[in-house]
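Q: predicted model, plus sequence, below.
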Amino acid sequence: MKINSAVKLGTVATFAAVLLAACGSSSSSSSEASKQTLNWMESSALPSMDSATATDVVSGETLNNTNEGLLRFGKNSKVHPGVAKSYTVSKDGKTYTFNLRKSNWSNGTKVTAKDFVYAWQRTVNPKTASQYAYMYAPVKNANAIMTSKKPVSSLGIKAEGNYKVVVTLTQATSYFPSLVASPMFFPQSKAVVDKYGKKFATNAKDNVYNGPFKLTYWTGTSDNWSMSKNTEYWNAKNVKLKKINFKTMKDPQTSLSQYQSGKLDATYLSGQQPKNYKNSKQYVERKGASTFYIELNQRKDSMMKNKKARQALSLAINRKQFVNKVLADGSTQTKGLVSTGLMSYKGKDFNTASYVPEATNHDLAKAKTLWKQALKETGRSSYNLTLMADDTPAGKNTLEFVQSQWSKLGNIKVTNQSLPFKTRLARSENGQFQAVVSGWGADYPDAISFLEMFTKTNSYNRGKWNNAEYNKDIAAADGKDANNQAARWNDLVDAQKTLMKDQGIIPLYQQGKSQLVKSNVKGVIYFPTGANWDFSKAYISK
Amino acid sequence: MAKYLAKRIFYLILTLFIVITVTFFLMKLLPGTPLTNQAKLSKSQIALIYQQYGLDKPVWQQYLLYLAGAVKGNFGTSFQFSDQPVSYLLSSRIGPSLQIGLQAMIVGVIVGIIIGAFGAMKQNTWVDTTTTVVSILGISIPSFVLAVLLQYYLGLKLGWFPIAEWGGFIYTVLPTLALGATPLAESARFVRTEMVDVLSSDYIELAKAKGLSRMGVIYHHALRNSLIPLITIVGPLAVNIMTGSMVVENIFSIPGIGEQFVKSVLTNDYPTIMGLTIIYSFMLCVVLLITDILYGIVDPRIRLTGKAN
């Protein structure tokens, strides 16, 4: 028995040595071929490649690199021509006419207007059960189709010949071009979907691609997947990367080790890592399109209905200290509900234009005065407040920090309540809270994606804050000013100002990611909404 | 024996059925929805999507439908991995988990027996002390700490083994060591204690007196008798490895099913929860069955016949 295991151990050791030697030699000789290869880290696996049903960031990002819609997101979330080389908008803003270029799917067949009609109808079809179909709301009849009140064919999209797509909207929607650039509006080939049936888009092979890259390896459940340059892509001559390998790393320390040993060209940082690498040249911060804020339940509670009380709670929080010392993960303090960097007009960021200093600037003295006044006005000597948040590390940090800040107000007792995400969500929906830390991420780069939440009837307005002026501004931005960029900008800016002045919510921070990226990786485009990454212009420099 | 086996298999199926039933109804008590975009969907939108998946039906109906499907081998479609049948999701990911678990079990138990036997034979010498220290360390250091240490020193610093990922035997070495530490330590401890006991018993003295070789005595008489209590702990050790693998798989980025189990519960991925519960409870039942059969092989006194009991 002893001898047997000794022999076994010896065999294992020899085997290991041989394998190690083999690995060593192969990696040094393949450096030439791997020059234009990018090794990218993901924190979760790729769950879906069907643009009609995909919901998560990883699917969105992969689709954005393997497929292309009528338009395409570029730097700073600006839309550029995609499959459509140009488009025109009717005067009332309700009709968009897209002129398609001649382009091919990766199997050599032509991408035509019919592929768009088919994909859009498939996504809104209730049978598809798409969790993102609501993004189609501006398109004519979409809402009626989703609730089975109208046939799928009544959707406001028509193919005129092979290379012209005409889209009819219910009302003018100024952010429609951004929608069209998002994965759920990408084309799909009916022939391909029918051919593969249930297997369509469940692995790399049973699919077809019209973007800069095509998936070459993905089993549908694998942790790694690869894409290589799609030679059929209309702009293939400007695509420099030959291959991208995506690797799922669930443990941040493992990922960092892989990065340090050269197996990865980029890695996300988390926990203590951002603090340790902040001064590295390879350190990059990415602003997300998600903000976190506190909603106060203003249904009945006279204290929460009191504007001074709400202001006191907001001014008592030192946001700068929170993002730099507590979170320290690339998150930034926020001036409002809308995320910074999401939308700009004439070179001015939305949050700069709608900044209300007295709503978010830390001022404990003023906060104390306001709090005292509020207590007096509502006939109280002190107030008990329960703050609810997710039981994630960030959620717990938020609870502890805000509790310590609020306690400084005096005559307040703050209790923390840490709940699993789904429970927290259910209680928010049912109005079972006093104060709750909520988060929202924009689906498309437009301030309305955030602001429409706090109109009177919106179901996401969980605290039931209600302000007539605000409702009016949002209605105007969605309605009469929808086609007038300047007026609409002003409506939205005014709306956020009102929200801040009346302290409808208490903004906390904008979520950010931090990353280490090898300095020879160039041209990777990041945008905060939906798909996040575009590698079509990326390359590895010498 | 055949009758005993048949009886045990019947109980196995009964156990599985009870596990399926209890899990199904408990799982439906979880708050939230399996929809990945639930935070952004309104109640009416969720209701519409529920209709498509049949989740709007009463729970007992869903249960019967699930049972009817499961009997035919249809375990539903995963929500996290949209459009992937659960059977495919699990079958495509169970290989690495099984390989690492089995390797850890085999390496751990065999090396543990050797170490324990050595310790007992050289009782109260430095060899004994060393093996005792090794087994105490193995029990007290959690597998995920050991995993990180192995990864850092043997992977990153010395570069002997890959840091993470999956792709051939060499990739399995570190996770196997990390997972195998507990079974190694546990079995070393058990075998040592038992063998010290056995070595001082009369029949060993007799065997020695009869002039049997030292190895003969150890192998035929001492070791065999010391293994019986070890079999008792194989079941719990297997459970230990199954739960330990969830963390170890994450650390080494192994494409196994460990992470799916935690994630499916967190995301209300009902079909995946059910699939994994069935797999895990099946594996555990089989391990227990095997240990019971092993008892009979190692110790003829408790060999079971259909007549007994």
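A: Structure received. Predicted model only: the values in this text are computed from it and were never measured. Numbering: from 1, shown residues only, chains lettered A, B, ... in the order given.
Q: excluding chain neighbours, give the residue nearest to residue A:489 in space.
A: Counting by C-beta to C-beta, 6 or more residues apart in numbering or on different chains, residue A:489 lies nearest to residue A:345, which is 4.6 Å off, once chain neighbours are set aside. From N, CA and C alone the C-beta is placed, and that goes for glycine too.
Q: write out the residues of the stretch 201-350 of chain A neighbouring chain B.
A: Contact residues (C-beta under 8 Å from any C-beta of the partner chain) of the stretch 201-350 of chain A with chain B: A:201-202, A:219-224, A:247-251, A:253-254, A:257-258, A:260-261, A:263.
Q: low-confidence regions, the stretch 251-400 of chain A specifically.
A: For the stretch 251-400 of chain A, no stretch has pLDDT under 70.
Q: need the strands for it, in chain order.
A: In the stretch 251-400 of chain A, the strands defined using DSSP state E, counting those that start in this stretch lie at A:266-269, A:283-296, A:332-333, A:344-345, A:348-349, A:383-390.
Q: returning to that earlier point: so how do I select the buried members of the residues of the stretch 201-350 of chain A next to chain B in ChimeraX?
A: ChimeraX command restricting these to the buried ones, with burial defined by 16 or more other C-beta atoms under 10 Å in any protein chain shown:
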select /A:201,202,219,220,221,222,223,224,247,248,249,250,251,253,254,257,258,263
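Q: low-confidence ranges, the chain, go.
A: All of this is about chain A. A:1-34.
Q: not quite, I wanted chain B
A: B:302-309.
Q: and the residue of it closest to chain A?
A: For chain B, the residue closest to chain A is residue B:32, as judged by C-beta to the nearest C-beta, at 2.8 Å.
Q: not counting stretch B:192-210 itself, show me its contacts.
A: Residues outside stretch B:192-210 that contact it (C-beta atoms under 8 Å, 6 or more residues apart in numbering or on different chains) are B:115-117, B:119-121, B:123, B:128, B:131-132, B:135, B:216-217, B:220-223, B:225-230.
Q: of these, buried ones?
A: B:115-117, B:119-121, B:128, B:131-132, B:135, B:217, B:221-223, B:225-228, B:230.
Q: show me those residues that map onto helices.
A: B:115-117, B:119-121, B:128, B:131-132, B:135, B:225-228, B:230 (DSSP state H).
Q: quick revisit: what's the closest of the strands of the stretch 251-400 of chain A to residue A:491?
A: Among the strands of the stretch 251-400 of chain A, the nearest to residue A:491 by C-beta to C-beta is strand A:344-345 (11.8 Å).
Q: neighbouring strands - and their directions - for that closest one?
A: Paired neighbours of strand A:344-345 in the sheet (DSSP bridges): strand A:348-349 (antiparallel).
Q: which residues touch the strand it pairs with?
A: A:340-341, A:343.
Q: just the ones in helices from the residues of the stretch 201-350 of chain A next to chain B, please.
A: Reading helices off these with DSSP H, I get A:253-254, A:257-258, A:260.
Q: stretch A:426-440 near chain B at all?
A: Yes - Stretch A:426-440 lies within reach of chain B by C-beta under 8 Å from any C-beta, at A:426, A:429.
Q: buried set for that stretch?
A: Neighbour-count burial for stretch A:426-440 flags A:426-428, A:433-440 (criterion: 16+ other C-beta under 10 Å).
Q: just stretch A:323-340 next, same as before
A: Along stretch A:323-340, these residues count as buried under the neighbour rule (16+ other C-beta under 10 Å): A:323, A:326-340.
Q: element containing residue B:87, please.
A: helix B:86-121 (DSSP states H and E).
Q: helices or strands up against that helix?
A: helix A:2-29, helix B:126-140, helix B:173-199, helix B:224-251, helix B:258-266, helix B:270-298 (3 or more C-beta pairs under 8 Å, 6 or more residues apart in numbering or on different chains; DSSP states H and E).
Q: ok, now which ones touch the closest residue to chain B within chain A?
A: Of all residues in chain A, residue A:422 sits closest to chain B, at 2.8 Å by C-beta to the nearest C-beta. When contacts are counted by C-beta under 8 Å, 6+ apart, residue A:422 touches B:30-33, B:38, B:268.
Q: which of those sits closest to residue B:72?
A: Using C-beta to C-beta, residue B:268 comes nearest to residue B:72 of those, at 24.1 Å.
Q: now that closest one, nearest residue through space, not along the chain?
A: residue B:34 (4.1 Å).
Q: how many residues are close by the one you found?
A: 21 (other C-beta atoms under 10 Å in any protein chain shown).
Q: settle this for me: it is touching residue B:267, isn't it.
A: Yes - applying C-beta atoms under 8 Å as the test, residue B:34 and residue B:267 come out as touching, 6.5 Å apart.
Q: give me the common contacts of the two.
A: Taking C-beta under 8 Å, 6+ apart as the contact rule, residue B:34 and residue B:267 both touch residue B:79.
Q: just give me how far the helix holding residue B:87 sits from the chain centre.
A: Its chain's C-alpha centre and that of helix B:86-121 lie 8 Å apart, by C-alpha atoms, centre = their mean, to the nearest Å.
Q: check stretch B:225-243 too.
A: So, by C-alpha atoms, centre = their mean, the centroid of stretch B:225-243 is 10 Å from its chain's centroid.
Q: check contacts around the closest residue to residue B:48 other than its chain neighbours.
A: Among residues not flanking residue B:48 along the chain, residue A:126 sits closest, at 6.0 Å (C-beta to C-beta, 6+ apart). Going by C-beta under 8 Å, 6+ apart, residue A:126 touches A:145-148, B:48, B:51-52.
Q: burial of the spatially closest residue to residue A:73 that is not a sequence neighbour, as a residue count?
A: Take residue A:73 and drop its neighbours on the chain: the residue closest to it by C-beta to C-beta, 6+ apart is residue A:181, 4.9 Å away. Neighbour count for residue A:181, taken as other C-beta under 10 Å: 28.
Q: and residue A:181, what does it touch?
A: So residue A:181 contacts A:69-73, A:79, A:82 (C-beta under 8 Å, 6+ apart).
Q: what does it show for phi and psi?
A: Residue A:181 adopts backbone torsions of phi -80, psi -10, taken as degrees, to the nearest 10.
Q: hey, where'd the helices end up in the stretch 1-150 of chain A?
A: A:2-29, A:57-66, A:113-124, A:142-146 (DSSP state H, counting those that start in this stretch).
Q: helix/strand/coil for the closest residue to residue A:487 other than its chain neighbours?
A: Closest residue to residue A:487 apart from its sequence neighbours, by C-beta to C-beta, 6+ apart: residue A:481 at 4.0 Å. Three-state call for residue A:481 (DSSP: H, G, I helix; E, B strand; the rest coil): coil.
Q: wait, isn't residue A:481 in contact with residue A:488?
A: Yes - taking contacts as C-beta under 8 Å, residue A:481 lies within contact range of residue A:488: 4.4 Å.
Q: of those two, who's got more company?
A: Using other C-beta under 10 Å, the more surrounded residue of residue A:481 and residue A:488 is residue A:488, with 25 against 20.
Q: that one: what's it in contact with?
A: Counting by C-beta under 8 Å, 6+ apart, residue A:488 makes contact with A:174, A:476-477, A:481-482.
Q: out of those, who's nearest residue B:104?
A: For these, the residue nearest residue B:104 by C-beta to C-beta is residue A:174; the value is 59.0 Å.
Q: how many neighbours does residue A:304 have?
A: For residue A:304, using other C-beta under 10 Å, the count is 23.
Q: please report the distance of it from residue A:434.
A: Noted for residue A:304: a distance of 7 Å to residue A:434, by C-beta to C-beta, to the nearest Å.
Q: what's the overlap in contacts for these two?
A: Common neighbours of residue A:304 and residue A:434 (C-beta under 8 Å, 6+ apart) are A:296-297.
Q: follow-up on the earlier one: in JSON lines, list the contacts of strand A:348-349 along with distance to residue B:251.
A: As requested, the contacts of strand A:348-349 are exported to JSON lines (distance: C-beta to C-beta, whole Å):
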{"residue": "A:340", "distance to residue B:251": "36"}
{"residue": "A:341", "distance to residue B:251": "35"}
{"residue": "A:343", "distance to residue B:251": "41"}
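Q: all set now, cheers.
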